[in-house]
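A.B. asks: The following block contains a protein sequence and its predicted model.
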Amino acid sequence: MTHQFPIKSETSKKLWSNFERELNHKLAPLSVSEKDDIKMEILSHLYESALNDGAESEEKRIINAIDRLGEPDLYLTPLISDILHAQSVAKGHPKAILKSLLQITQKSLLHLSLTAIFGFGYFISFIFFIMGIMHIFNPEVGIWLDNNGGLLSLSFSHQDNATQWLPAQFSFIAILASVFAYWGLSKLLYLLIFKPNLTKKSSY
């Protein structure tokens, strides 16, 4: 990538290539597009830092810029970890979601409220999924409507003075709705919590 940055001496090009090779190694777990975006941002910052350095030789300016930037492990390891974790949340991996919910509880009261909302949402989607599966083997599992105009209720058995809601389609509706709810909650959790943090951490 040295052709994108006008570096003249062979020694400087070697220093630059070695640093770029280290970046490629550290960023290997990420997708190609994410790796290229982060690498370009770091290299642009490095080149700008070298241009503003007061050393006489190009080699010394690049060395100073690399020193000022610091060890890649210090700023890339936490960034990569956050990106991979956020991707797992967006894909709906239960372990990643549980970890993110636990992290949220350690923050503000607002985040605590979000934890309760998301936790309740995941719980309801889980209950509907289980009921959808159970309905296949026990048709009495489902939603029952009170014949006297009362509220509907979720039940795992027959309810007196109540009418079951869509018993023939309940399994399909419950399973499909729970899957979409789980996916939607995971995407929303990513957009509200992880994406803003990743945007801040990837800015140099």
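C.D. replies: Alright, I've got the coordinates.

A.B. asks: can you pull the pLDDT of the spatially closest residue to Lys91 that is not a sequence neighbour?
C.D. replies: Leaving aside its sequence neighbours, Lys91 sits nearest to Ser186 (Cβ to Cβ, 6 or more residues apart in numbering; 7.3 Å). Just so you know, the C-beta spots here come from the backbone N, C-alpha and C atoms, and that holds for glycine as well. In this prediction, Ser186 carries a pLDDT score of 88.

A.B. asks: next one: the helix or strand where Ser186 lies to chain centre, how far?
C.D. replies: Per DSSP states H and E: Ser186 is located in helix 170-189. With Cα atoms, centre = their mean, to the nearest Å as the basis, helix 170-189 stands 18 Å off its chain's centre.

A.B. asks: Just the CA atoms of that helix, as CSV, please.
C.D. replies: Output of helix 170-189 as CSV, limited to C-alpha atoms (Å, rounded to 0.1, in the frame of the first residue of the first chain):
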residue,chain,number,x,y,z
PHE,A,170,-50.4,-21.3,16.6
SER,A,171,-47.2,-23.4,16.3
PHE,A,172,-46.3,-21.7,13.0
ILE,A,173,-47.1,-18.2,14.2
ALA,A,174,-45.4,-18.6,17.6
ILE,A,175,-42.2,-20.1,16.2
LEU,A,176,-41.9,-17.6,13.4
ALA,A,177,-42.7,-14.6,15.6
SER,A,178,-40.2,-15.7,18.2
VAL,A,179,-37.4,-16.1,15.6
PHE,A,180,-38.1,-12.6,14.1
ALA,A,181,-38.3,-11.1,17.6
TYR,A,182,-35.0,-12.7,18.6
TRP,A,183,-33.4,-11.4,15.4
GLY,A,184,-34.9,-7.9,15.8
LEU,A,185,-33.8,-7.6,19.4
SER,A,186,-30.3,-8.7,18.5
LYS,A,187,-30.1,-6.1,15.7
LEU,A,188,-31.5,-3.4,17.9
LEU,A,189,-29.0,-4.3,20.7
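
A.B. asks: What residues of that helix count as buried?
C.D. replies: Phe170, Ser171, Ile173, Ala174, Ile175, Ser178, Ala181, Tyr182, Leu185, Ser186, Leu189 (16 or more other Cβ atoms under 10 Å).

A.B. asks: Check stretch 37-51 too.
C.D. replies: Neighbour-count burial for stretch 37-51 flags Ile38, Lys39, Ile42, Leu43, Leu46, Tyr47, Ser49, Ala50 (criterion: 16+ other Cβ under 10 Å).

A.B. asks: got a list of what the second one touches?
C.D. replies: For Lys39, the contacting residues are Met1, Glu20, Leu23, Asn24, Leu27, by Cβ atoms under 8 Å, 6 or more residues apart in numbering.
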